[in-house]
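# task: produce atomic coordinates for the following.
(2 chains)
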There are 2 protein chains.
Amino acid sequence: MSVSSESQATAAVQTTARVTFLPGDRTVEVPSGTTVLHASRAAGVAVDAPCGEQGKCGKCRVRVLRGAAAAPDAHERALLTAADLADGIRLACELPVADGLVVEVPETSRIQIRRKATAELRRAIAPAPATAKVLARVAKPSLEDADLRDDLARLRAALPQIATAELAAVRALHAALVEGDYTVTAVLDGDRLLGVEPGDTTFAHYGVALDVGTTTLVGYLIDLRTGEDVTHCVQPNPQASYGADVISRIEFAMGDPARVETLRRAVTDAVNEILATLAAEAGIPAERIYEMTAVGNTCMSHLFLGIDPLPLGHAPYTPVVTASLCLPAAELGLRMHPRALVRTLPNIAGFVGADTVGVLAASALRSLPGLRVAVDIGTNCEVLVGMDGRVIACSTAAGPAFEGAKISHGMRAQPGAIDRLSIGEDLHVHTIGERPPRGVCGSGVIDIIGEFRRLGIIESSGRFADLDDLPHLPEAIRARLREDAAVLVWAQDSGTGQDILFTQQDIREIQLVKAAIYAGIATLLEKLGKTFDELDGVLIAGAFGTYINREHAINIGLIPDVGAEKLTFLGNAAGAGAKMALISRHEFAAIQDAAHGVEYVELAGDAAFRDHFALAMLLAPGCEDDW
Amino acid sequence: MSVSSESQATAAVQTTARVTFLPGDRTVEVPSGTTVLHASRAAGVAVDAPCGEQGKCGKCRVRVLRGAAAAPDAHERALLTAADLADGIRLACELPVADGLVVEVPETSRIQIRRKATAELRRAIAPAPATAKVLARVAKPSLEDADLRDDLARLRAALPQIATAELAAVRALHAALVEGDYTVTAVLDGDRLLGVEPGDTTFAHYGVALDVGTTTLVGYLIDLRTGEDVTHCVQPNPQASYGADVISRIEFAMGDPARVETLRRAVTDAVNEILATLAAEAGIPAERIYEMTAVGNTCMSHLFLGIDPLPLGHAPYTPVVTASLCLPAAELGLRMHPRALVRTLPNIAGFVGADTVGVLAASALRSLPGLRVAVDIGTNCEVLVGMDGRVIACSTAAGPAFEGAKISHGMRAQPGAIDRLSIGEDLHVHTIGERPPRGVCGSGVIDIIGEFRRLGIIESSGRFADLDDLPHLPEAIRARLREDAAVLVWAQDSGTGQDILFTQQDIREIQLVKAAIYAGIATLLEKLGKTFDELDGVLIAGAFGTYINREHAINIGLIPDVGAEKLTFLGNAAGAGAKMALISRHEFAAIQDAAHGVEYVELAGDAAFRDHFALAMLLAPGCEDDW
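The predicted structure follows:
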């Protein structure tokens, strides 16, 4: 109950220390004992710490210019030379703050944002953000001035559009007027005053589009004056330590509010680091970011808001809320302006979330004429079919095979993962970061099955062929083939010291995914009385789609064979949707409208789906007669 | 900055203990080390602690029925008998909680609300609160139910008036639906869903009217279905320890946000105790109170909201805000429903606050025909003059003489204060609580001057008369009179062991107050081209007014002599205004409108005021020719 947490907060009376960071001359006050690394995030300077603050990588080097720094600890003595230490070099993740400390952050220690497939907008959008920054020259108070009695009234005299004011803005008003010599910048949400900044700061107006993925969080900092990307920042979703997929996180929460809050805080803390990093890159305090739009699947949306996803864990998989919500950043503990607008994009159903709404937005599926299908391949696979403005949707439990799960030597798309494979005289693999191979990621799996099918090593049924039927197969390849598996990498060449295999069971897993995707599309087309050959376009969303060998994907029937000219890859469409909603309130309204108009089809217990599924196991371009 | 407070909160990882209170069987979880007294407040049981938790009065007796209680400390051994201890009796303010403790609170230890002049409404108001409680029977989810996908959508199907929903309500929705078997009570602010309670709780709908006085806080619990008072609770304003009056508190804050927050938290903590007590008396959790209206003078209004009152400390005494603000309880840390509507009544100027707006509302000054004056006598004295719908206002620094300040033996209206005095053969005093006299409070001061004037002991000039001119004065009285003072109570009869005096200087102080009030009224009347004899009514607000001897007040010229039939006493009009605004949103709108229409007259440097003031020092019914 609030009393206990309140008491805990007040019980935590502890000393604080002021630390100054250069360049930028940012000073923050943090509790004593905080590491310089955490203080740097608070200051929005964001020192990089690749090893996760374990004091192992020695990357978070900073130089102490002034102040009484503690003696170096074992980690620092191990990773820093005597010359370093003499020069004041320390490790930010080890060094505790001391009051009056002045620390320089070398360029080499600044966070290098890990790039990933950014969410490309399909079309340019005219900026029309929900918030506006407006310059105001306010009359000074005087005893004569009977009509404009108070500061707020005088501000409203300068900006008559202000109808209501947030307390945070009122609290900041007087100091801003004095500091800005009665010139201030008002931040408005329509007729509501959100905040006040001294002087003219209309040139700096930023918002954040947030993609809350099950495994990865991506924040995009957008210049709301131009709608352009300024920078973006990627963080792993810390909820992963409570369960890799949504089901295991729902099971962890168990309907216990404290556990729901644990999951919510995990994401919030990571998002706060993203906000600090983005603000530092843009050279503004995070408190001057006034807008955020957030997307994620339905479970991630619930947990981001601290709503118990319990009912998503069992039939009828009913969400607590699908509509878009708007709340002040402070209510979620997000470290941007306390009254910043945080808006979630709407979800559609328990397993068709705001990320799929992003696909809907980025694909413009609802406004395109003709018959089109959009598929988002990830942990789950969501399918949207649009026909002349009508959109129906379903979700198939495609399973996380393409993220490496359930594949014997599968792994995520990380350094050491086989992401490309081709067969000539022997089998040739390429790994991410050209590291010794440790396993196979999604695009590698597609290549394996594609190449094996091309050479007849596996039959369209998915079975490994009899070697006797493959006389022309090069010897090096034959040597790799066993009854129920193929050796992709020999032990001596692998990064694990063991053979890296691809097994009969792995093929079955892929067949199940492929069949689920196909059956989902086929079922929706059937509801519309349509067939595959009537499709005017196929849109593939998800970073995954941009990496795979498209020819292989078509040949094994993972993607409908509609011809290259009808095939479009959207990339991270979820993030794109969040950006569109952030840049323009009109787009946001259109997206809400579009999401509301989607007809959801529940496949659980759908007879047609079962039939299509059974027939779709073949690893061939299309199956039945119409694929 | 938020990072440091956040870190402090998380740094405060400490164990908690669960304590159960009887009767009522309320269990709370609080940090270990909390006293049973504080836990009782958290549980809404509210044990009384007259000595302020010093372990001196022995009034907060509770009985430990179960659990491992710590050994009694020195205070307890001193105040409790062996029989008490054997019986499990302990002092709530001394005993720390232990996990599993079960404590009985005897009726004699329950808080006895200190009654004070309650804010009587002048007229009945039809209840039309801002919030509404509505019963909803919600359809259960099913796989077939394609249109009503989520919990919120199904609630909105039952209550189509819901347009938006607060996150707190959405978080509570699913559990409430399950617990209430899909019957829930929705709490609405217009088309906005504030909260959800399981089952039908429409019969319990409460709000709180809060009077934030400089010295006293009063909370009134109102049944919003009937508009009737349920109970009220009084607490001293803890800000008093930072300064007795508003100026000293503004000086304490010094424009330092941390000090402003200190003052804000002091009031918030006391208000949270009031909320816990009111809720306990009504038998509801404080989290089910959804509305509060608050009044106070302009400085108190600023500090209640955490707005720095700095500019009120110097000319032109410009408030930061005078308009009414509405915010969620959570933003102020108030322990009621987190999204409860907390609305402040508007202020008029730096020294004409929402408390005076309460006078405006309770007096209906704006809607009454003719010429009327309303005076609120307190630390300051605010004057309102209404003429056929027009209202002008001013504030006079009347000084806190009637609260005992600046009077040599003055004191507040507390036990031992002389509140009545009459003269026959000798001087007879009455004290509050019939305790031995310790000093004089406001109503006593009026009696002294009134009786002394009646007997000619002091002249209309305010000077003590020459005894030779008072031959018929009883000997016992003569014995009490010295050149520059009168002995009200002889040392042997006083509660201080010393003579209690009333001095020439004390008389001067009262003359200054009286002159300031008169001059304020006269100046406003002059602005309207009116005189005292044209007054159709005089309204006196403030608890003070209800206690004084009216005949004396008129005879010494403190109150205009307009005849009893034209004289009305309003009591605590500030609280009445807060109640009116709480009970009816239409009244709230009318009050805002009325406050906005008031014309403020600044007396600082007003020549007319200075002239009237000089002429108003006489202690006589009226002065100049027209009073």
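# give me the phi and psi for residue A:206.
As for residue A:206, its main-chain torsions (degrees, to the nearest 10) stand at phi -120, psi 150.
# what's the local residue count around it?
Look at residue A:206: counted by other CB atoms under 10 Å in any protein chain shown, it has 21 neighbours. From N, CA and C alone the C-beta is placed, and that goes for glycine too.
# who are the contact partners of the nearest residue to it once chain neighbours are set aside?
The shortest distance from residue A:206 to any non-neighbouring residue, by CB to CB, 6 or more residues apart in numbering or on different chains, is to residue A:289 (5.4 Å). By CB atoms under 8 Å, 6 or more residues apart in numbering or on different chains, the contact set of residue A:289 is A:206, A:207, A:208, A:221, A:275, A:278, A:279, A:336, A:337, A:340.
# for residue A:538, same thing?
Shown here is residue A:538, whose contacts under the criterion CB under 8 Å, 6+ apart are A:372, A:373, A:374, A:375, A:559, A:560, A:562, A:566, A:567, A:568.
# now name the helix or strand holding residue A:64.
In this assignment (DSSP states H and E), residue A:64 forms part of strand A:61-66.
# the stretch 1-150 of chain A: strands as residue ranges?
Counting by DSSP state E, counting those that start in this stretch, one finds strands in the stretch 1-150 of chain A at the ranges A:16-22, A:26-31, A:61-66, A:89-91, A:101-104, A:131-137.
# likewise for the stretch 451-600 of chain A?
Using DSSP E, counting those that start in this stretch, the strands of the stretch 451-600 of chain A run over residues A:485-489, A:500-503, A:537-541, A:567-571, A:599-600.
# same check, this time on the stretch 201-350 of chain A
Listed in chain order, the strands of the stretch 201-350 of chain A (DSSP E, counting those that start in this stretch) span A:206-212, A:216-223, A:228-236, A:289-296, A:326-328, A:341-344.
# would you single out the least confident of those strands?
Lowest mean pLDDT within the strands of the stretch 201-350 of chain A: strand A:228-236, at a mean of 90.
# give me the buried positions along it.
Buried residues in strand A:228-236, counted by 16 or more other CB atoms under 10 Å in any protein chain shown: A:229, A:232, A:233, A:234, A:235.
# check contacts around residue A:292.
By CB under 8 Å, 6+ apart, the contact list for residue A:292 reads A:207, A:208, A:209, A:210, A:329, A:334, A:336, A:340, A:341, A:342, A:343, A:582.
# need the helices for the stretch 451-600 of chain A, in chain order.
Here the stretch 451-600 of chain A has its helices, by DSSP state H, counting those that start in this stretch, at A:475-478, A:504-527, A:543-547, A:550-555, A:573-583, A:585-597.
# which one of those helices is the most hemmed in?
The highest mean neighbour count among these, using mean count of other CB atoms under 10 Å in any protein chain shown, belongs to helix A:573-583: a mean of 30.
# how far away is the residue lying farthest from the centre of chain A from residue A:412?
Centroid-distance maximum for chain A: residue A:144 at 56.3 Å, with CA atoms, centre = their mean. From residue A:144 across to residue A:412, the span is 70 Å (CB to CB, to the nearest Å).
# just residue A:271 next, same as before
To residue A:412, residue A:271 is 21 Å away according to CB to CB.
# same deal with residue A:109?
Distance, residue A:109 to residue A:412, using CB to CB: 27 Å.
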